[in-house]
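**Q** Would you be able to build a 3D model of this:
(chains A, B and C)
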Amino acid sequence: MFRYFVRRVLQGVLTFFGATFIVYALMFANQTDPLQALAGERPLPDNVRQALTERYHLDDPFIVQYGHYMRGLLTGDFGVSLTNRKISEMMSQAWPVTIRLAVLAMIIAVMISVTAGIISGIRRGGPFDTVTLVITLILLALPIVVLAPLAQLLFGIQLKWFPATAGADPGLFQLILPAAVLASLVIATEIRVTRASVAENLRADYVRTARAKGLSKRRVIGIHVLRNSLIPVVTLIGLDLGNLMAGAIVTEGVFNIPGVGFNLFRGIRTEDGPLVVGFVSILVIVFIVVNLVVDLLYAVLDPRIRYE
Amino acid sequence: MRGHFPLKMAVGATAIMLLVAGCGGGGDDSGDEPFVASIGIGEPQHLIPSNTTESNGAEVLAALFTPLVDFDANNNPVLVAAESIETQDNKVWTIKLKDGFTFHNGEKVTADNYINAWNHAAYGPNGMGGSYFFERIEGYDALNPQDPDGEDGPQKAPTPATNKLSGLAKVDDLTFTVTLKEPFSGWRSVMGYTVFYPLPNAAWASEGVLKEDFEEAPIGNGPFKMKGKWEHDSKIEVEKYDAYPGEKPKVDGILYKIYQDQKAQYADLSSGALDVVTSIPIENLASAPTDLGDRFKKSPNSVFQFVGFPTFLPQYSKVEVRKAISMAINRKEITDTIFRGSQAPATSFVSPAVAGYRENSCGEACTFDPVKAKALYEQAGGPKQIKITYNADGGHKAWVDATCNQLKTNLGVDCVGVGEPKFADLLTKLEKKEDVGLIRLGWIMDYPLMENYLGPLYSTNGSSNYYGYSNPEFDNLLKLGSAAPTPEEAIKYWQQAEDILARDMPVIPLRLGQNVYGHSERVKNVEVDRFSKVDLLKLEPAS
Amino acid sequence: MSNVESVTQAETPAAATAPNGGDGGAEKPRSLASDAWRDLRRNWIFWVAAVLVVLVVVMAAFPGLFTSADPSFCQLSRQHAGPSGSAIFGYDFQGCDVYARTIYGARNSVAIGLLATLMSGAISLVIGMAAGYFGGWVDALLARGIDIVLGIPTLLAAIVLARRLSDSEDSGFLPVVLTLGVLTWTTGARIMRSSVIAAKSQDYVAAARMLGAGHARLMFRHILPNAAAPFVVVLTILLGANIATEATLTFLGVGLRGDEISWGIDISQASQFVREAPAPLVWPALFLAATVLAFIMLGDAIRDAFDPRLR
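**A** Reported below is the predicted structural model:
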C-alpha cells in the first residue's frame, strides 16, 4: 500500500507537468492577440502594444515562454496577470470560495443521489423510480445556463428564501442555492449510476446467498449491496469535480462568486496565459489528489481490490 | 466504518442544517450610520487614470478625481478644477488651476501634478492604454519613437531620448501651458477625459515611475477618497472627502460592488441588495418597469452602433447597394422588439451626445422603405447573399439575426450572420481581406465633440477605420474644422463632412445607445450621464 | 464476512454465466443474442423506446414530413406570439415558428449527440478496458492520461479545438462532434476502468482464465457484460449532455455557425426570455428530454436483455 502511494505521488508529479504543458500550449495556440482582447474594440496604439509585448514576453517563442513560466512556478512565483495583478493573490482569494462551493455541492449531490439511487434501484419501475427518472431528465434537458438563473429568480428574488447573489466572501447560507444548482449538474448521472449498480448488485449471487443465509433484507442492502454499489459512485465523485468546475463557470457568474470558474473564464476570454495556467496547475493537483483518494477508497469499499 | 455510511451522511446533513439556521441575514442600516449608496460595476482593469479607458475604472475614478472641465446638459465644457482655460490660436493653451484643491493626503494640487502625470501617460515604454489622447501635444513623437523595421522586425524600438513632453510648460504653481502640434479648437473638451486627471507626489516611487501599489488605493483630488483598498472582484469603497472645496456630495460614501454579470446586478437590485444598476440587461427589460415602477429610468448615452462595408469587397462597392441595404433595415422594429427600447434608431452618423448633431442627417438612406430598397437593390445588382460578421462575445447574435431576417424578407436575398469568437478574430479576418461581408462595429465617445465621431472612424488614417474608407474631401473638411477658431465654425465644417458620409454611405448607422438604469427605494435623484456614469453629486438618500 | 461473500460468489457466478461463457457458448455462439431478442420482444418499455428513437431519427432525416413551414422564415412582428393554426407552438423571440424550428433542430442535435457519444464511447471503452484489465504500468499511464485530460478546462480545450478545426465556410458540425468526442470520454473511461477492476477480480473470471481463455475473450466475453451496466448509463446521459454542450459552444462562437438550427441553440436563446414566453424554451427542451429518455430506456432494456444473470 505504501509503495503504491509513493508511486502514485511520483506519477502525479509527471501528470502535473504534462497537464500544465498542454494547457500552456493550448493557451499559446489560442492566443491571437491578447492585448487587443484586453483593449476591447479600441485600436491599440503601437507604442502601447510594444511596451506590453515586451513586459509579458508575448513575442518570445512558445518554449521560451513556457520556460519563463515554469522557472517562476518552481520558485513559487505564479507571475502576474495581463492586468498586472499578482496571480498568487488572485488564487488565494478565489480558491477558498470555490472549494467551499464545490464541497457543499458534492455533499448535496451525494446525499440526494445515493438516497434516491438506492431507493429507485431497489424498487425499479415503481412510482418513486419513475418520478426520479422524470426529474433527472428535466435536469438533464435544461442546461445550467437555464437552470441557474431560473433558480435565482424563483428562490432568490420571488420567494426570497435565499440571497439572490453570494458575493466575494459568502457564508454557508449564501452558498446553498448556487451549490444546489451546481449539484444538479451531476445528480442526474450519479442517481442513474447508483440505481444501475444497486440493481446489478441486488441480482448478484452473493446477495442471494446472504438472503438464503437468513440475513435480514435491511442488513443485506445496508451492508453488502450498498458497499458494492458505491464503487462506481465513488469514481464518479472524483470525476464530477471536473464537471463541477465547468458548471462553476456559469454558476459563479450568475451568483456573482469570484471563484476559480470565473477566473478561468476571464483568463480564457482575455487570453491571459499565466492566469489560466496558474489556476489550472492547482486544479490539476486537486484532480490528482482526489483521484488518488478515490482509488484508495476502492480498496476500503471492496476488499477484493488490493494495491501493491 | 464500513457498515455505517448512511448514518454518517445523515449526521453530516443535520450538521449543515444547524449551521444554516445559525447564519441569519443581518440588517445593515441604522439611524446614525453614515449613508452609503451601493452602485454595481464590473471589475476595473486599472485605476491609474492614464491607463483607464474602460467604463468601470472610469466610474470609480470619477468619484476619486476632479477633472479640469466637465460638461453641461448641452455638452459644452464647464470649468471644474480649472479657474480658466485660454487660448489665442487654438495651439497654445494656458490652464490656470483653482486654488484650494488638495489631494486626499493633504498635498496641494499644483501645475506639476498635471505635468508629471501627463508626461508619464504619454511616455511610450510605460504602455499606458490612454496614451493616444496625448498625441496632439507637441513632443509626443519624441516619447514614442517608431520601431525602425515595423512591429514584427527583429529590431526593437529605440528608447526615447526624453521622458518629458516638450509641449507642457509650467508658468507658476497654479498655471501651465499646453502646446499642440496643430491648432485644435476642441482641445478644451478633450481635457475632460479620465486620462487627464492629476497625480499627487505621493504616487511616484521615483521620478516618472509610478508606485507599484498606487492603483490599489488611488489618492485623488475628488469629492470622495478611498476607504480601505481596492478589493479585487469584490468591492471598492469610497467616503466623502471633507476638505473638498467644490460642490459637496449628498451621500456619505459609495460602495462599488463588483459583479461579473449584469444579470446578477439586476437580481441584487430586485432583492434589495444593491442601490443602483446603471445598465439593466435586455432580458430583464420586459419586467423591469413593473419590478421597479418609477425607479426604472432611461437617459441617452454616447453609444453609436453601425455596420461597415470593407472597401476590399467588390460586391458592396456600389453606393446604391449600400443604400438599399440600409433602407431595407427597419431600425425601429429592432430597437423596440430586440432591444426593448434600450437603444434608439440612428438616423445620423453622430450621436445626439455632441453639439452639432442633426437629426436625420443620413436622410432617405436611413429611412425604412422596403419597396424602394428592393427596386434600388435589384437595379444596382446587389449580391444574392449578404453576410454580417460579428463578435460572439458581445451579445450581438439576436439583432444580427433579426437584421438578416429583415434583409431576407425585404430584399429577397439570402442573409447569414456569422459569429467570430472575439473582436480580435474579426480584425484578423479583415487584415487578411477575407469575405466577411458587413462588419458589426460600435463607438463610444472619448470626449463630447462631433469630431470624435468622425476622425477616428472615417478619416484615411483613422485609428478605428477598420473598413478602409478614404475620401480626401472628407479628410480636408475634418482638418479645417479642427483648425477653426471657434467651436461654432468647427461644427460647420464637421457637418459638411458628415454630409459626405451620408452621400458615400461607407457604413450604415443603426442605433443610438440609451442608459436603461434602475435604483432602489433607499436613494433618489439618480442620474446617469452620457458617459454612462452615475452623477455622484446629485445622488441623494431617499429619506 | 467478506470472506464468506467471495467464497459464495466464486461458486455461483461461474454456474450462472455458463450459458454464454464457458462450454455452453461454444455450442451455440449466437444464443445470447437470440435470447436477448426473445426477451426484448416481450418488453413494452423496449417498444416505446424504440418507437420514440425511430421517430426522432426520421424527424432528423426528413423534417419536411412533419412540417411544411420554413424554420428560417422569421418576422419580428410575430415575436413571442401565441400558438395558432399555422404555428401550433407559437413563435419565438425572433418571430420564428417554434414547431418548425423544433422539428428541424432534431437533425443537428441528434446527429451531434449520437456521433460525439459514439466517439467518446469508443475511446473510453478501449482506454477504460485496457487500464482496468491490464493494470500495472498500462493502467498507470492511461489513468494519468485521464487525469491530464480532466485537468484541462473543457471550455479552453473546446474553444481552441473548435477554432483550430473549423473553417469559416463550413457549418461547424464536424468540429463540434470532434471537440465533444475528444473531451468527454474521461467519465466513461474511469467508470469502465473501475467496473473492470471490480469484475476481473471475480472468481469466474479467474476460472475462465484457467480454462485457457485469451485476453480478448476474457475482456469482451466475460468482463464486459458484467462491467457494462454503469458504462451504458453514463453514455446515455452523455448523449443528453452533448446535445446541451453544443449550445454552449455555439453561444461562444465556436460551435455551429450561421443560421444552423439545433435544440441547444433554441433552448439557450429562449432561456433569456423565459419569464415572458416559456413556450420557445419548453418545446425544444421537451423534445430533448424525450429523446434522451428514449435512449436511456432503450439502453436499460437492451442491457437487461443481455444480462446473463437475469436469465
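
**Q** Now B:V209. Its backbone dihedrals?
**A** phi -120, psi 120 (degrees, to the nearest 10).

**Q** Can you get me a residue count around it?
**A** Residues within reach of B:V209, counting by other CB atoms under 10 Å in any protein chain shown, total 12. To be clear about C-beta, it is placed using only N, CA and C from the backbone, and glycine gets the same treatment.

**Q** Over to B:I41?
**A** 22.

**Q** what is it paired to in the beta sheet?
**A** B:I258 (DSSP bridges).

**Q** so it touches B:I258, yeah?
**A** Yes. Using CB atoms under 8 Å, B:I41 is in contact with B:I258, at 6.1 Å.

**Q** Can you pull the residues that touch both of those two?
**A** B:I236 (CB atoms under 8 Å, 6 or more residues apart in numbering or on different chains).

**Q** I'd like to know which residues of the stretch 1-150 of chain A are adjacent to chain B.
**A** A:32-33, A:36-43, A:45-52, A:54-55, A:83-85, A:89-90, A:93-94, A:104, A:107, A:110-111, A:114, A:149 (CB under 8 Å from any CB of the partner chain).

**Q** of the residues you listed, buried ones?
**A** A:33, A:36-43, A:45-52, A:83, A:85, A:90, A:93-94, A:104, A:107, A:110-111, A:114, A:149 (16 or more other CB atoms under 10 Å in any protein chain shown).

**Q** Do a quick rundown of the helices in the stretch 201-311 of chain C.
**A** With helices called from DSSP state H, counting those that start in this stretch, the stretch 201-311 of chain C shows them at C:203-210, C:215-217, C:224-251, C:263-271, C:279-306.

**Q** And chain C, is the helix or strand bottoming out on mean pLDDT in chain A touching that?
**A** Ranked by mean pLDDT, DSSP states H and E, the helix or strand of chain A with the weakest confidence is helix A:34-39, at a mean of 74. No. If you take CB under 8 Å from any CB as the test, helix A:34-39 misses chain C, and the best it gets is 12.5 Å.

**Q** Quick one: distance of that helix to the chain centre.
**A** 29 Å (CA atoms, centre = their mean, to the nearest Å).

**Q** now do stretch A:53-66
**A** 31 Å.

**Q** now do the same end-to-end measure for that stretch.
**A** End-to-end span of stretch A:53-66 (CA to CA, to the nearest Å): 15 Å.

**Q** Buried residues, that stretch. List them.
**A** So stretch A:53-66, judged by 16+ other CB under 10 Å, has buried residues A:T53, A:Y56, A:L58, A:Q65, A:Y66.

**Q** Taking these, tell me the two that lie furthest apart.
**A** Using CB to CB, the pair of the buried residues of stretch A:53-66 lying farthest apart is A:T53 and A:Y66, separated by 17.1 Å.

**Q** Could you state which residue of chain A sits nearest its centroid?
**A** The centre of chain A sits closest to A:L241, judged by CA atoms, centre = their mean, with a distance of 2.6 Å.

**Q** now that residue: how far from B:L376?
**A** 60 Å (CB to CB, to the nearest Å).

**Q** which residues of the stretch 151-300 of chain B fall in helices?
**A** If DSSP H, counting those that start in this stretch is used as the criterion, the helices of the stretch 151-300 of chain B fall at B:187-190, B:262-270, B:288-292.

**Q** which one of those helices is the most hemmed in?
**A** Greatest average neighbour count among those goes to helix B:262-270 (a mean of 25), per mean count of other CB atoms under 10 Å in any protein chain shown.

**Q** Just the CA atoms of that helix, as PDB, please.
**A** Provided in PDB are the C-alpha atoms of helix B:262-270 (Å, rounded to 0.1, in the frame of the first residue of the first chain):
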ATOM      1  CA  GLN B 262     -25.100  42.400 -15.200                       C
ATOM      2  CA  LYS B 263     -27.900  40.000 -14.700                       C
ATOM      3  CA  ALA B 264     -26.500  39.400 -11.200                       C
ATOM      4  CA  GLN B 265     -26.600  43.100 -10.600                       C
ATOM      5  CA  TYR B 266     -30.200  43.200 -11.500                       C
ATOM      6  CA  ALA B 267     -31.000  40.200  -9.300                       C
ATOM      7  CA  ASP B 268     -29.500  42.100  -6.400                       C
ATOM      8  CA  LEU B 269     -31.400  45.300  -7.200                       C
ATOM      9  CA  SER B 270     -34.600  43.300  -7.300                       C
END
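
**Q** List phi and psi for the closest residue to chain A within the stretch 51-200 of chain B.
**A** Of all residues in the stretch 51-200 of chain B, B:G127 sits closest to chain A, at 3.1 Å by CB to the nearest CB. Dihedral pair for B:G127: phi 60, psi 40, per degrees, to the nearest 10.

**Q** what sits against residue 262?
**A** Picked chain A for this. By CB under 8 Å, 6+ apart, the neighbours of A:F262 are A:A94, A:A248, A:I249, A:E252, A:G253, B:D233, B:Q260.

**Q** try chain C instead
**A** C:G105, C:N108, C:S109, C:I112, C:I243, C:E246, C:A247, C:T250, C:L256.

**Q** Ignoring the adjacent residues along the chain, who's closest to it?
**A** Distances taken as CB to CB, 6 or more residues apart in numbering or on different chains put C:N108 closest to C:S262, at 4.0 Å, once the chain neighbours are dropped.

**Q** With C:D266 as the reference, measure out to the one you found.
**A** C:N108 is 11 Å from C:D266, by CB to CB.

**Q** More neighbours: which of those two?
**A** C:D266 (28 against 25).

**Q** quick one on the thing from earlier: hmm, the residue nearest to C:S262 is touching C:E260, no?
**A** Yes. Counting by CB under 8 Å, C:N108 does reach C:E260; the two are 6.0 Å apart.

**Q** joint contacts of the two?
**A** C:F173.

**Q** isn't B:T335 right up against B:Q343?
**A** Yes. At 4.9 Å, B:T335 counts as touching B:Q343 under the criterion of CB under 8 Å.

**Q** okay, and the common contacts of those two?
**A** B:R511.

**Q** one step back: correct me if wrong, but the residue nearest to C:S262 is in a helix.
**A** Yes. Assigned with DSSP: H, G, I helix; E, B strand; the rest coil, C:N108 falls within a helix.

**Q** and it, what does it touch?
**A** Applying CB under 8 Å, 6+ apart, we find C:N108 in contact with C:F173, C:E246, C:L256, C:E260, C:I261, C:S262.

**Q** Give the burial count for the second one, as a bare number.
**A** I take that to be C:E246. Neighbours of C:E246 under the rule other CB under 10 Å: 30.

**Q** any idea how far it lies from chain B?
**A** According to CB to the nearest CB, to the nearest Å, C:E246 stands 14 Å off from chain B.

**Q** and what of the first one?
**A** In this structure, C:F173 lies at 15 Å from chain B, with CB to the nearest CB as the measure.

**Q** isn't that residue right next to C:I261, touching?
**A** No. Using CB under 8 Å as the test, C:F173 is too far from C:I261 to be in contact (11.9 Å).

**Q** all helices of the stretch 51-200 of chain C, in order?
**A** Using DSSP H, counting those that start in this stretch, helices in the stretch 51-200 of chain C cover C:98-134, C:136-151, C:154-165, C:173-183, C:185-200.

**Q** out of those helices, which comes closest to B:A267?
**A** helix C:154-165 (23.3 Å).

**Q** give me the number of residues near A:H68?
**A** Neighbours of A:H68 using other CB under 10 Å come to 15.

**Q** Look at it and report its pLDDT.
**A** We have a pLDDT of 80 for A:H68.

**Q** Can you get me a residue count around residue 176?
**A** In the absence of a named chain, this looks at chain A. Count around A:I176 with other CB under 10 Å applied: 22.

**Q** Please refer instead to chain C.
**A** 32.

**Q** List the contacts of it.
**A** C:I112, C:A116, C:A162, C:E246, C:L249, C:T250, C:G255, C:L256.

**Q** Next, the buried residues of stretch B:167-181.
**A** B:G167, B:L168, B:L174, B:T175, B:F176, B:T177, B:V178, B:T179, B:L180.
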